[in-house]
Structure formats: C-alpha cells, structure tokens
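A.B. asks: With the input below, show me the fold.
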Amino acid sequence: MLTEHDHCPLAGLDDIDWERLHHAYGSAYDIPDQLRLVCGDNEEKRKSAWLHLFNTIFHQGSRYTSSAAAVPFFARIAIAGPGHARPTALEMLTRLAIDWHDEYTLPAGIDTATWRAAAAENTPEKMAAWYQEQRDAEDDPDRRRFYEEARGFCLEGGTPDAAASTLPSYDAVRAELTALCPLLDDADPEIRVRTAYLLAWFPEEGSCTVPKLLAQLDRESHTQVAATALVAAGLVGDRSLVPHFRPYLIAPDPLVRWGAAIALARLLTTGRRPSAGDEGVVAMVIEELTQAITTPPTASGVPEAVFNDGDLGGYAARSLAPLAVHAPRPVLPLIMDALGANTAAAAEAVTAALQNALPGAEQPGTPFIDLGESTQHILRCVAARGPWGEHETPVENYLRTVGLPDTRPSLYAYVQLTAPHLPS
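C.D. replies: Model (predicted):
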C-alpha cells in the first residue's frame, strides 16, 4: 500500500517494474502512461485510457499481476485526483476487487472464507511446482516449452486459477479501505454512493466499516447514498444492527425503505433463523419486500453502483425467499414471477425457501397434512413450478436431504396436486 504520497496520486509510479508484470495482452509496460492519461486534461485521451485499463488489467473479469500493483494509484486518484477521474477510479477499484460478484453472491454477501480456501489450493508457488513436474515428465519439445513458459509465469506471481489470481487484487483494494472510508463524507453524492457500494464487499473489514456506514446514515439526506449504506452495512454487519435499521422501514422514501428491508432480511436469515422475538420486524420486512417486488423503487444517478445489476425488484425477491415461510400469504409464486427467466436466481430462491420451511429431515412418511400451512404452500408451488433440473438440481437435492419426494411426479402426489396449476 502506498500512503506517503496521498496528495500526489501518481507518485512512485515509475518505481514499479511494470515490464515484468502482466496484463491480458502480455507485459504491463504501458500501464503507467495510461494512468497518466486518465488524470490528464484531454477528454478523448482520458476515455481511451480508461477503456484500455478496463480491457487489460480487468479483461472480462480476469485479474493479473499488474492489477494489484495498480490498485494504490486508483485509490489515490479516488481520494485526491482530478474531479473527472475520481468516480471512475472508484468503479475500477470495485471491479478489481470483486468482478461482478454482486450478481451471484446476493443476498447472503460474498464468502471470502471459501474464496481464500479455493485460492490456497492453486497458489503461484504450487502451480509453478506442478508445471515443473509436467515439464520433467514430458518428452515432446513443444509441450516442454509450454510447461516451462507457464512455470515462468507462475514464478512471476501469476496463476491460471481464477480464485488465486483474483485474490491479490481483492486484498490490494482491502488494504486501501482505511484511506478510502473518509470519502463517505465527500461533497459529491456519487463519490459517497460508490464508496459505500465498495465497502459492501469486504466482510472481514466489517468491524471497522460498519460504524462508519452507520455514522453516514445518521447524517445522510441523499436517498441513493442512504439506501446503499444500509445494504452495505447489512452485507458486512451482524444481527446487532437489527434495532438500528428497523426505524428505516418507515422512512418516507421507498428506496430507503427498500435498503432497510434488504439489509434486515439478510441479517435475520444469516447464521440462524428468525426467532419469536423477531416477529414484528420480520412482518414489516416481508411487507416492504413484497411491495418492492410489485413496485420496485428507482435508483437513479449512479447505475454502476446499484446492487443486483440494477434489478431492485429481483433483489427484493431473492431476499424475501428465506422469509417465505413466515409470510401470512403465499409469496413464493410472486418471488418466482419477479425472477422471471433468471432460472439460476429462481433455483437459489426456491432452495432458500425450502431450507427455512424444512430446516431438518422430516420423518419418513410424514403426511403432507401434518406440515404447516406456509410449508404446504411452498411445496405446492415447488411441485407446480420447480425449477426442476436447473443448475445442478439444488431443489431436488434439498428435497432429498430432508427426506421428501425429489421428483416432480412424486412431489405432485405428495402435495395432493393432480394437474399442473399454481396453488391458490
């Protein structure tokens, strides 16, 4: 982390041996010039330089040895660079940290423990040793050359493994968060939104960032900033935040209420299930999320810093799924309608609803009538609508886990449906 030149964003740029680092097209020798151009006065050259950076050190989501090296400069540009460069620098930091993780780690949030465990299996050192073994066992000269080049790439810090290659970039951004947190007080609401959004993806820093996000909420008047801060704190915080967030469920602005409901749904369903003492807030969250599915709020201003790729109704649907068993009326059909053609999200949501409706294995032969009414509605909806056979069949797998029929015909019979139709 470079901190001694916070007010000179590109100080130390030439101290790095960029030629020995890599990006998508080989040596990263050209990165210093591109960083200078994005801070320059020529608008066309700035646009071209940003495009070049996105396409090289963040090529289709991949990260390289030059990606982590560039992070401190983007952080300092965000803090003290030219006004035109600061928002894009924050966007670049987010992309270098998490790629598009928000599309497939919501509503639970990013799982860094699993990420780190996967990365440890294929570190550059381990991969270099593996390539050496392959080279030594290979007789074909071309194959030996390939393994030797791959080994050299790993010895320079690279690895073909996605988890291992992206983690250094993520950790480089994580190292800059302390310096970036003061941007929550920036005069520009776009900077505040982008900063809060970035903080949402670092649960290991939650003990430090949550108090700052809460302080921001206490003084924030911009609705998108407030909603983003609520969701961010909900993704990296814990259940102790529930009393603090509950008042925001009756805020005048629907986007703020949406943010509070999204945050509370995650906090109430992560780690353990809602208890009897949570009934009041659970009911309010269900009501708000149901409303957000049918009439999604709008979040204009900073489209690149909107969760779930801007589909706020879809995010509400995914967040409501674990609470479906607590709803006073069937909500799983509404959830599935909102998710539409997104079969991956639908499978995730249905599985979440089943997990909370059927948290443990049922006794073999448990009559359908002995299940709770909400659980019956969920199972009937699953029988009628699936999704069946999608994305490694999580629905079937969970039904099997809890000892219930795991094929569509057998579940139809179990839930006493005789023709494909939705439950009333």
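
A.B. asks: Not counting sequence-adjacent ones, nearest residue to Trp201?
C.D. replies: Leaving aside its chain neighbours, Trp201 sits nearest to Ile98 (4.7 Å; criterion: C-beta to C-beta, 6 or more residues apart in numbering). Where you see a C-beta, it was placed from the backbone N, CA and C, and this is true even at glycine.

A.B. asks: in the stretch 151-300 of the chain, which ranges drop under the pLDDT threshold?
C.D. replies: Counting by pLDDT under 70, the stretch 151-300 of the chain contains no low-confidence residues.

A.B. asks: Spatially nearest residue to the residue minimising distance to the centre of the chain, not counting backbone neighbours?
C.D. replies: Most central in the chain under C-alpha atoms, centre = their mean is Asp102, positioned 2.6 Å from the mean C-alpha point. Using C-beta to C-beta, 6+ apart and skipping residues adjacent in sequence, the residue nearest Asp102 is Phe307, 5.6 Å away.

A.B. asks: was I right about that neighbour contacting Gly234?
C.D. replies: No: using C-beta atoms under 8 Å, Phe307 is not in contact with Gly234; the gap is 10.5 Å.

A.B. asks: For the two, list the residues in contact with both.
C.D. replies: Ile262 (C-beta atoms under 8 Å, 6 or more residues apart in numbering).

A.B. asks: More neighbours: the two, which one.
C.D. replies: Each of Phe307 and Gly234 has its neighbours counted (other C-beta atoms under 10 Å); Gly234 has more, 29 against 23.

A.B. asks: Name the nearest residue to that one, sequence neighbours excluded.
C.D. replies: Ala263 (2.6 Å).

A.B. asks: how distant is whatever helix or strand Gly280 lives in from the center of its chain?
C.D. replies: Assigned by DSSP states H and E, Gly280 belongs to helix 279-294. Mean-position distance between helix 279-294 and its chain equals 22 Å (C-alpha atoms, centre = their mean, to the nearest Å).

A.B. asks: Which strands and helices lie in contact with that helix?
C.D. replies: helix 254-269, helix 312-320, helix 332-339 (3 or more C-beta pairs under 8 Å, 6 or more residues apart in numbering; DSSP states H and E).

A.B. asks: In PDB, list the C-alpha atoms belonging to it.
C.D. replies: C-alpha atoms of helix 279-294 as PDB (Å, rounded to 0.1, in the frame of the first residue of the first chain):
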ATOM      1  CA  GLU A 279     -41.900 -11.500  14.600                       C
ATOM      2  CA  GLY A 280     -42.600  -7.800  14.400                       C
ATOM      3  CA  VAL A 281     -39.700  -6.800  12.300                       C
ATOM      4  CA  VAL A 282     -40.000  -9.900  10.100                       C
ATOM      5  CA  ALA A 283     -43.600  -8.900   9.300                       C
ATOM      6  CA  MET A 284     -42.500  -5.400   8.400                       C
ATOM      7  CA  VAL A 285     -39.700  -6.700   6.200                       C
ATOM      8  CA  ILE A 286     -42.000  -9.100   4.400                       C
ATOM      9  CA  GLU A 287     -44.500  -6.300   3.700                       C
ATOM     10  CA  GLU A 288     -41.800  -4.000   2.400                       C
ATOM     11  CA  LEU A 289     -40.100  -6.600   0.200                       C
ATOM     12  CA  THR A 290     -43.400  -7.700  -1.200                       C
ATOM     13  CA  GLN A 291     -44.200  -4.100  -2.100                       C
ATOM     14  CA  ALA A 292     -40.800  -3.700  -3.700                       C
ATOM     15  CA  ILE A 293     -41.300  -6.800  -5.900                       C
ATOM     16  CA  THR A 294     -44.600  -5.400  -7.300                       C
END
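
A.B. asks: mind listing what the nearest residue to Thr88 once chain neighbours are set aside touches?
C.D. replies: Residue nearest to Thr88 in three dimensions, not counting chain neighbours: Trp50, with 5.8 Å by C-beta to C-beta, 6+ apart. Shown in contact with Trp50 (C-beta under 8 Å, 6+ apart): Val38, Thr88, Met92.
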